[in-house]
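Novice: the following comprises the amino acid sequence and a computationally predicted model.
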There are 2 protein chains.
Amino acid sequence: MRYPNGKIYRPDNASLTPPAKKFKQASFGRRGMKLERLINEANMYYLTKDIAVIHKKPTPIQVVSVSYPKRSRAKITEAYYRQASTTDYNGIYQGNYIDFEAKQTALKTRFPLHNFHHHQIHHMNACVKQGGICFVIFYFSSLNLAYLYPEFALSKDWTAYELGDVVSIPLARIQKMGIPIKLGGLPYIHYLAAIDELLRTRRENA
Amino acid sequence: MRYPNGKIYRPDNASLTPPAKKFKQASFGRRGMKLERLINEANMYYLTKDIAVIHKKPTPIQVVSVSYPKRSRAKITEAYYRQASTTDYNGIYQGNYIDFEAKQTALKTRFPLHNFHHHQIHHMNACVKQGGICFVIFYFSSLNLAYLYPEFALSKDWTAYELGDVVSIPLARIQKMGIPIKLGGLPYIHYLAAIDELLRTRRENA
């Protein structure tokens, strides 16, 4: 079917779909995307739809010197990255304080614990004491699998790590203690559905 | 009383107290301190005492170029301040999501609304919809007075400001709609006490 301008008819969103041969499609299509970008997209989706208000905190930077060029804005000319004292993301979802860290790995069987810092764990412990929902989102990029891993499980792993008993969390443990996050819908990484399940499990066990 | 080394005896912490003539003391002693520092001190106090977990978010900075000197950490050589898309502080207190902005003025009768940005107001609106506790801490430095001013009052002011009807919030209105924050105790700006009162008022009106 052709329109008078000679163009082939396409449904409205057809131009958004890349040709099948050029890109790998389906569930592995976005595998290479950074977890941070996927979570930011999900957060933007939740915000726009009035579902939740969750943001990534800015990266802490120690500013050492700033110049003030005429007629233009302040320019930072010397600064350094500082280590974050908390987690990457926080916000609110249906009255619940949400606080989490997001971690990606290309490994296929485990997540190395040296990727955490003790102040991140302590921060999550403190938030849970106040009634917050704290967890890690693990994304195994080579497997395209994601899990919501609750703070209580991570805290146990961390204690064992500090004692020198373990160096990483086996994927099997993450699968046992965590909640799978479905990938590929809208938003791509719909982690609030996993939080819903976490809250449901808690109510049932309460 | 003199010790063998000829020094006059002082109690252990005497050297920490500046001579009375050199500095103004008592309730006005810290008047010149920046509000941000006072709130950070309060947050540190709450954190240490397991009372609440509330942090200032890092200032958002757009990094343009980074150099990697040998044997030393990454140095940011060009960067710019970005406008924050949310508020300055958030966290959790007894299960409540807390989100606020802190504003200081040397004026004695009003607070000019141009010091807010619309995305700060929208962010607070969105958090309140999710059940969060959102407010501004106003600090009138010349008067040494501080108030917790709830989001619903600010939102009304902001609407009037956007319509061009008002340019600032009169102190009298802040005193009427807000909750006074006692200054001078431990922590110096004990704003959680004002949140307690806000929560109490809500329960009574519910």
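Specialist: Cool, the structure landed.
Novice: residues in chain A within reach of chain B, list them.
Specialist: With CB under 8 Å from any CB of the partner chain as the criterion, chain A meets chain B at residues A:47, A:50, A:52-53, A:55, A:57-61, A:63, A:73-81, A:84-86, A:90-97, A:99, A:123, A:126-127, A:129-132. For the C-beta atoms, the positions are set from N, CA and C on the backbone; glycine is no exception.
Novice: now with 6 Å, please.
Specialist: A:53, A:55, A:57-58, A:60-61, A:76, A:79, A:86, A:92, A:95, A:97, A:126-127, A:130-132 (CB under 6 Å from any CB of the partner chain).
Novice: can you tell me the strand partners of the helix or strand hosting residue A:134 and which way each runs?
Specialist: Taking DSSP states H and E as the criterion, residue A:134 maps to strand A:133-140. Next to strand A:133-140 in the sheet, as set by DSSP bridges, lie strand A:96-105 (parallel), strand A:145-150 (antiparallel).
Novice: dump those strands to JSON lines, plus distance to residue B:205.
Specialist: Shown next, in JSON lines, are these (distance: least, CB to CB, whole Å):
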{"stretch": "strand A:96-105", "distance to residue B:205": "23"}
{"stretch": "strand A:145-150", "distance to residue B:205": "36"}
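Novice: make TSV out of those strands and add mean pLDDT.
Specialist: Converted to TSV, those look like this (pLDDT from 0 to 100):
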stretch	mean pLDDT
strand A:96-105	97
strand A:145-150	98
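Novice: select only the buried ones of the residues of chain A next to chain B in PyMOL?
Specialist: Listed next is the PyMOL selection for buried residues among those, using 16 or more other CB atoms under 10 Å in any protein chain shown:
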select buried, chain A and resi 53+55+57+58+60+61+76+79+86+92+97+126+127+130+132
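Novice: tell me which entries of the residues of chain A next to chain B lie within strands.
Specialist: A:53, A:55, A:61, A:76, A:79, A:92, A:97 (DSSP state E).
Novice: so, low pLDDT: which residues of chain A?
Specialist: Residues of chain A that meet the criterion pLDDT under 70 lie in A:1-33.
Novice: repeat that for 50
Specialist: Along chain A, segments meeting pLDDT under 50 span A:1-28.
Novice: in chain A, which spans are helices?
Specialist: Residue ranges of the helices in chain A, as given by DSSP state H, are A:35-48, A:118-129, A:151-162, A:171-177, A:191-205.
Novice: out of those, which is closest to residue B:39?
Specialist: helix A:118-129 (17.9 Å; CB to CB).
Novice: need the residues that contact the closest one.
Specialist: The contact list for helix A:118-129 (CB atoms under 6 Å, 6 or more residues apart in numbering or on different chains) reads A:85, A:86, A:87, A:99, A:101, A:134, A:151, A:158, B:53, B:92.
Novice: try 7 Å
Specialist: Surrounding helix A:118-129, the residues in contact under the criterion CB atoms under 7 Å, 6 or more residues apart in numbering or on different chains are A:85-87, A:97, A:99, A:101, A:134, A:151, A:154-155, A:158, B:47, B:50, B:53, B:92.
Novice: pull out the buried members of those residues.
Specialist: Among the contacts of helix A:118-129, those classed as buried by 16+ other CB under 10 Å are A:86-87, A:97, A:99, A:101, A:134, A:151, A:154-155, A:158, B:47, B:53, B:92.
Novice: dump those residues to JSON lines, plus distance to residue A:109.
Specialist: Shown next, in JSON lines, are the buried ones among the contacts of helix A:118-129 (distance: CB to CB, whole Å):
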{"residue": "A:86", "distance to residue A:109": "29"}
{"residue": "A:87", "distance to residue A:109": "25"}
{"residue": "A:97", "distance to residue A:109": "33"}
{"residue": "A:99", "distance to residue A:109": "28"}
{"residue": "A:101", "distance to residue A:109": "21"}
{"residue": "A:134", "distance to residue A:109": "25"}
{"residue": "A:151", "distance to residue A:109": "23"}
{"residue": "A:154", "distance to residue A:109": "18"}
{"residue": "A:155", "distance to residue A:109": "22"}
{"residue": "A:158", "distance to residue A:109": "19"}
{"residue": "B:47", "distance to residue A:109": "37"}
{"residue": "B:53", "distance to residue A:109": "34"}
{"residue": "B:92", "distance to residue A:109": "35"}
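Novice: noted, bye for now.
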